[in-house]
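**Student:** sequence? don't have it. structure:
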């Protein structure tokens, strides 16, 4: 699939077929994330892949506690994205420039994961609204580490939607604001 088609196909899927996802495909998504760029090659992430039915149910409870993400009860795979410490140079640069490079790095790694999934015919949805403490407890994430995002993964059970986006003139300019 060429890149233009890939970005057209990638969407937030919230309905999945009851079909398991092959581990090989998840491994390809993880490899795409692993190869994504990061400040000073810090790679401040860890992806925890969950495919256990029992654990998925408990994670769905934690993702739906606020009334959001009810679709998670039927996803075949969820991935918790753990924010790891940046290396020293990235941490210093982040402080000096007052920019959270680790969150930018995480965003790029997650998008690499999701674009690879789309290329493999999988659907994903990136979620930031969930009970982080409960997810951390379920997955044995050490105290003090953050889980900024969850990603649902599965075979989408719905059409690719027409994207509604702001116009080019609203999101870009040349040579000045």
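**Tutor:** Yep, it's here. Model, not experiment: these values are computed from the prediction.
**Student:** going forward, measure contacts between C-alpha atoms and count neighbours the same way
**Tutor:** OK.
**Student:** distance of residue 83 from residue 20?
**Tutor:** For residue 83, the distance to residue 20 equals 27 Å [C-alpha to C-alpha, to the nearest Å].
**Student:** So which other helices or strands are in contact with the longest helix seen in the chain?
**Tutor:** Assignment by DSSP state H gives helix 101-119 as the longest helix of the chain. With contacts taken as 3 or more C-alpha pairs under 8 Å, 6 or more residues apart in numbering; DSSP states H and E, helix 101-119 sits against helix 3-9, helix 23-34, strand 123-127.
**Student:** Buried deepest among these, which one?
**Tutor:** With neighbours taken as mean count of other C-alpha atoms under 10 Å, the helices and strands packed on helix 101-119 reach their highest mean count in strand 123-127, at a mean of 22.
**Student:** and residue 83 and residue 20? which has more neighbours close in?
**Tutor:** residue 83 (20 against 13; other C-alpha atoms under 10 Å).
**Student:** Count the residues that sit near the nearest residue to that one once chain neighbours are set aside.
**Tutor:** In this structure, residue 83 finds its nearest non-sequential neighbour in residue 45, 4.9 Å apart by C-alpha to C-alpha, 6 or more residues apart in numbering. Residues near residue 45, counting by other C-alpha under 10 Å, number 22.
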